[in-house]
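**Student:** sequence and predicted structure, then a few things I'm wondering about:
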Amino acid sequence: MEHLITVLQTDRSDSEIIGYALDTLYNIISNDIEEEEQDDSEEENSQKQADDLGSQFTEIFIKQQENVTLLLTYLEEFDFHVRWPGVKLLTSLLKQRGPQVQQIILVVPMGVSRLMDLLADSREVIRNDGVLLLQQLTKSNAAIQKIVAFENAFERLLDIVTDEGNSDGGIVVEDCLLLLQNLLKNNNSNQNFFKEGSYIQRMKPWFEVGDDNSGWSAQKVTNLHLMLQLVRVLVSPTNPPGATSSCQKAMFHCGLLQQLCTILMATGVPADILTETINTVSEVIRGCQINQDYFASVNAPSNPPRPAIVVLLMSMVNERQPFVLRCAVLYCFQCFLYKNQKGQGEIVSTLLPSTIDATGNSVSAGQLLCGGLFSTDSLSNWCAAVALAHALQENATLKEQLLRVQLATSIGNPPVSLLQQCTNILSQGSKVQTRVGLLMLLCTWLSNCPIAVTHFLHNPANIPFLTGQIAENLGEEERLVQGLCALLLGISIYYNDNSLENYKKEKLKQLIEKRIGKENFVEKLNFISKHELYSRAAQKPQPTFSSPDHMIFDHEFTKLVKELEGVITKAIYKSSEEDKKEEEVKKTLEQHDNIITHYKKVIREQDQHLEELKQQVEVLKSQNEQLQTTVTQQVSQIQQHKDQYNLLKVQLGKDVQHHNSHGGDAVQMNGVPAEEIGKLREEIEEWKDKLELLQGQLREKDSLIENLKYPQPEMGTTEQSSQMMRSDGSELDNELHKEVETLRTQIQSQSTDITRLQAEKLELLQQMNTVPIPVSGDDDAMPAAKTMELEGRLSALLQETQELKNEVKSLFEEKISLKQQLDSSNSTVAILQNEKTKLQQEVAESKKEQDDLLVLLADQDQKILTLKDKLKELGEPVEDEDDIESGDQGDEDEDEEED
């Protein structure tokens, strides 16, 4: 061993020898025995020896923590011949000394993270053995489980499961599911991380099954079984309620519950998968209202369709079904009714006379429960009794309604109540399992329901039967029935409202003391909680029994026993005087409670009123502070206004006073500085000057336009000139068109003449060519003269035509230039009109601002008067306006005299 470790320490560069050393260490430490033909005893002995030797070698190896650290470094090597033996060696070490090796790996920096890299190895052998290594590493160690989970283990494992084919995959899927169970089971942190990471949604494809479910392989059954267990880990009743509830809702919203219900109602599913699916659906819907409502709406694919609950109950009360399947159906029914008052009411309503189907075409859940309750199969009796007890759990209203249920026992006999029928079967001495189930039902029914207790006591045969059962000395099995009878009798005493004269609390206690004895009664009562099967049932809600004979107690009933055992014992030992005193004390306490409740209400109201008053005081304080601040500001403003008022009186002239006389001397009173008013007036004057200047420029431009078109200055205002320019332009255009048409007509006529003359010229030329030339000079001169005359006329006509064409061209050019001048004049007029409009708007705005200023001065004057009144009320000396005006008037008179 030491030499091998030395090789690991010194020969790191030689990967081959390192691989051999690791493989040798693995063979030394491993307990795997080669398959050989040998007896079982020999195999056991050799296995024990191998265990001892493997443990010893493991102890030697991990004694030095550096050896484990060295092994972790070799796991980082990519060489297959080094990495694979290292993985197997570390797995074997964890199998032999798991807790010690886990602590060493936790101490090593990044120890767990190095191992997580194995899941990303492209070589499947190393990846698969890495999964096995992590299985051993995460066993029973929450710290390592959290580290592995936060190293993205869920994502990687789910990817592997998907790549391998989900439930159709091989043993690798099984290993991944086992590792997932290690990470999630009893680890609330990892469960929450799994839910928050939306990994629940990725579980839905696991449960997609086809229509043909025959011929499932053993590996698929194993995989699906582990997948269902993984779902149950997330919604286990032992988890915190908040975490379980959030996982249940997530499973509903992602469709996982719907997929499970599809498997539940499918045909051809193996029995063990169907049983585990029922258990899984049970815990997914347990205590979750939305899931319970959905499950109630699921129908089986039958004709006619039946609710899934009815189909499951039919399996539960059928004695030919497997025992494990019947237990699973009972658990499913219990989970459906857990904290589900709506579901409880629906089940009980199927038993009430008004809702029973008279035609008998459909079987209801209530009819199945009653049928199972009174069948000859004791297991069906027990299951039906427990199921019906869960329908009444913590629901006093339904306990009272169930008293109305009437049963027809035989033809010709009157119907009896369900309560009476239960007690009748109980008194007939049936099997122990049947009697235990009926007693649990009666105890659940009568607890916290005085009306049911009265109905039970109204039958005179019930109390003698119970006392007779308790008083007898019977065997071990009957002692349990005696204890349950004692519990039922104790409930009849504790919840008795003394409405029946013969069965008041005191008389029942006297009967117990005479017929049974208080000590004997309490001993029989305490025997229930001491029973071994009671302790098993109290551990978890799921009814798990090794055989039908062990199916005795229900989990919820154990809670009821624990709650009532002590109070019934106290009630039995109390005397009548103590009962009276207790009743008086109860009444007094009730009165005190009422008084306390009343005073609490009064105090609560007073607290609310006091809180409101405090808020009002705070508001008033803030308002007072604001008002004081406002008063201070107003005093300073008044002083400023005084100063401004005096300045305005001095600076403003007579024109300003005359202008403000209509506004009640608002200008002098508004507190606006005189400089601003002067600036405003100057700006107004400037705008007026600008307006007049622009109007003058506009008139000049209008006259310029008129001069350009018509020399005669016959135009009026700018608007008239623009209109006349448009009309005259159109008239000029029409005249030009007429002239052009006339010229075209003349040109056409002249062209016709020219053509005629040219034709004549051609004729003459032809005649000249045909006629022989005379010798004499006179005869020769006449045609030549005529030709010259014609040529002259022709040239004159051509010249005239060319002149007309030139004239038309010049007229067209003149027309175009006039149009351009007209367009430019129109645009100039439009621009000037826009400028004029803007100037008019600015003048109007200036006038409006001036009016607003006057209104503002008037408002300010009113405000000053109000502030003066407030100052007078506060006792501050204020100069009256009349005094100031008289002083100002005197100043004005003096100024006039000086003038």
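**Tutor:** Okay, I see it. This one's a predicted model, so the numbers in the text were calculated from it and none came from an experiment. Residues are numbered from 1 along each chain as shown.
**Student:** how far is stretch 75-88 from where the chain is centred?
**Tutor:** 47 Å (CA atoms, centre = their mean, to the nearest Å).
**Student:** now the strands for the chain?
**Tutor:** Using DSSP state E, the strands of the chain run over 299-300, 306-307, 406-407, 416-417.
**Student:** who touches the last one?
**Tutor:** Judged by CB atoms under 8 Å, 6 or more residues apart in numbering, the contacts made with strand 416-417 from elsewhere in the structure are 403-407, 409, 424, 455. Where you see a C-beta, it was placed from the backbone N, CA and C, and this is true even at glycine.
**Student:** now with 7 Å?
**Tutor:** 403, 405-407, 409 (CB atoms under 7 Å, 6 or more residues apart in numbering).
**Student:** one step back: save the strands of the chain as CSV, and put in mean pLDDT too.
**Tutor:** Below are the strands of the chain laid out as CSV (pLDDT from 0 to 100):
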stretch, mean pLDDT
strand 299-300, 89
strand 306-307, 90
strand 406-407, 86
strand 416-417, 90
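**Student:** would you format those strands as TSV with mean neighbour count and distance to residue 330 included?
**Tutor:** Below are these laid out as TSV (neighbours: other CB atoms under 10 Å; distance: least, CB to CB, whole Å):
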stretch	mean neighbour count	distance to residue 330
strand 299-300	16	18
strand 306-307	16	17
strand 406-407	15	22
strand 416-417	16	25
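**Student:** reformat these as JSON lines; add distance to residue 390.
**Tutor:** Shown next, in JSON lines, are these (distance: least, CB to CB, whole Å):
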{"stretch": "strand 299-300", "distance to residue 390": "22"}
{"stretch": "strand 306-307", "distance to residue 390": "17"}
{"stretch": "strand 406-407", "distance to residue 390": "20"}
{"stretch": "strand 416-417", "distance to residue 390": "20"}
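**Student:** nearest to residue 804, of the ones you listed?
**Tutor:** strand 299-300 (106.0 Å; CB to CB).
**Student:** ok, of the contacts of strand 416-417, which one's closest to residue 165?
**Tutor:** Using CB to CB, residue 405 comes nearest to residue 165 of the contacts of strand 416-417, at 52.5 Å.
**Student:** so the closest one touches residue 419, yeah?
**Tutor:** No. Contact criterion CB atoms under 7 Å: residue 405 and residue 419 do not qualify, at 8.3 Å.
**Student:** returning to what we had before: so which of the strands of the chain gets nearest residue 752?
**Tutor:** Here strand 299-300 is closest among the strands of the chain (CB to CB), at 106.7 Å.
**Student:** against residue 221, how distant is residue 801?
**Tutor:** 117 Å (CB to CB, to the nearest Å).
**Student:** wait, residue 166
**Tutor:** According to CB to CB, residue 166 stands 14 Å off from residue 221.
**Student:** before we move on, what about residue 421?
**Tutor:** From residue 421 over to residue 221 the distance is 43 Å, taken as CB to CB.
**Student:** between those two, which one's more packed in?
**Tutor:** Of the pair residue 421 and residue 221, residue 421 is the one with more neighbours under other CB atoms under 10 Å, namely 19 against 16.
**Student:** closest one to residue 848 out of the contacts of strand 416-417, please.
**Tutor:** Among those, and counting by CB to CB, the member closest to residue 848 is residue 403, at 88.7 Å.
**Student:** residues near the nearest residue to that closest one once chain neighbours are set aside, how many?
**Tutor:** Distances taken as CB to CB, 6 or more residues apart in numbering place residue 455 nearest to residue 403, at 5.6 Å, with adjacent residues excluded. Close neighbours of residue 455, defined as other CB under 10 Å, add up to 18.
**Student:** what's next to stretch 562-578, contact-wise?
**Tutor:** Here stretch 562-578 has contacts from 447, 487, 490-491, 493-494, 506, 509, 512, 518, 521-522, 525-526, 529, 582, using CB under 7 Å, 6+ apart.
**Student:** pLDDT-wise, which helix or strand of the protein ranks last?
**Tutor:** helix 666-669 (a mean of 42; mean pLDDT, DSSP states H and E).
**Student:** for residue 713, give me the pLDDT.
**Tutor:** We note a pLDDT of 43 for residue 713 in this prediction.
**Student:** got it, and the one 4 residues further on?
**Tutor:** For residue 717, the model assigns a pLDDT of 44.
**Student:** from here on, count from 10
**Tutor:** From this message on, residue numbering opens at 10, which makes the last subject residue 726.
**Student:** which one of the contacts of stretch 571-587 sits closest to residue 65?
**Tutor:** For the contacts of stretch 571-587, the nearest to residue 65 is residue 538 (47.3 Å; CB to CB).
**Student:** quick one: residues contacting that closest one.
**Tutor:** 570, 574.
**Student:** now it: how far from residue 527?
**Tutor:** Counting by CB to CB, the gap from residue 538 to residue 527 is 18 Å.
**Student:** can you list the helices and strands that the longest helix along the chain packs against?
**Tutor:** Identified as the longest helix of the chain according to DSSP state H is helix 786-883. Packing partners of helix 786-883 (3 or more CB pairs under 7 Å, 6 or more residues apart in numbering; DSSP states H and E): helix 585-660, helix 675-678, helix 683-718, helix 727-779.
**Student:** where among those helices is average confidence lowest?
**Tutor:** helix 675-678 (a mean of 42).
**Student:** hmm, the residue nearest to residue 412 is touching residue 431, no?
**Tutor:** No. The criterion here is CB under 7 Å, and residue 464 misses it with residue 431 at 11.4 Å.
**Student:** so what touches stretch 241-257?
**Tutor:** For stretch 241-257, using CB under 7 Å, 6+ apart, the contacting residues are 190, 193-194, 197, 200-201, 204, 209, 288-289, 292-293, 295, 297, 300, 549-550.
**Student:** can you tell me which residues contact residue 410?
**Tutor:** 357, 361.
**Student:** how much space between it and residue 69?
**Tutor:** Separation of residue 410 from residue 69 (CB to CB) stands at 73 Å.
**Student:** repeat that for residue 553.
**Tutor:** 43 Å.
**Student:** ranges for the helices of the stretch 60-209 of the chain?
**Tutor:** Ranges of helices in the stretch 60-209 of the chain, per DSSP state H, counting those that start in this stretch, are 74-83, 89-105, 107-116, 120-125, 133-146, 151-159, 162-172, 180-193, 197-205.
**Student:** for the first one, name the packing helices and strands.
**Tutor:** Counting contacts by 3+ CB pairs under 7 Å, 6+ apart, helix 74-83 packs against helix 11-19, helix 89-105, helix 107-116.
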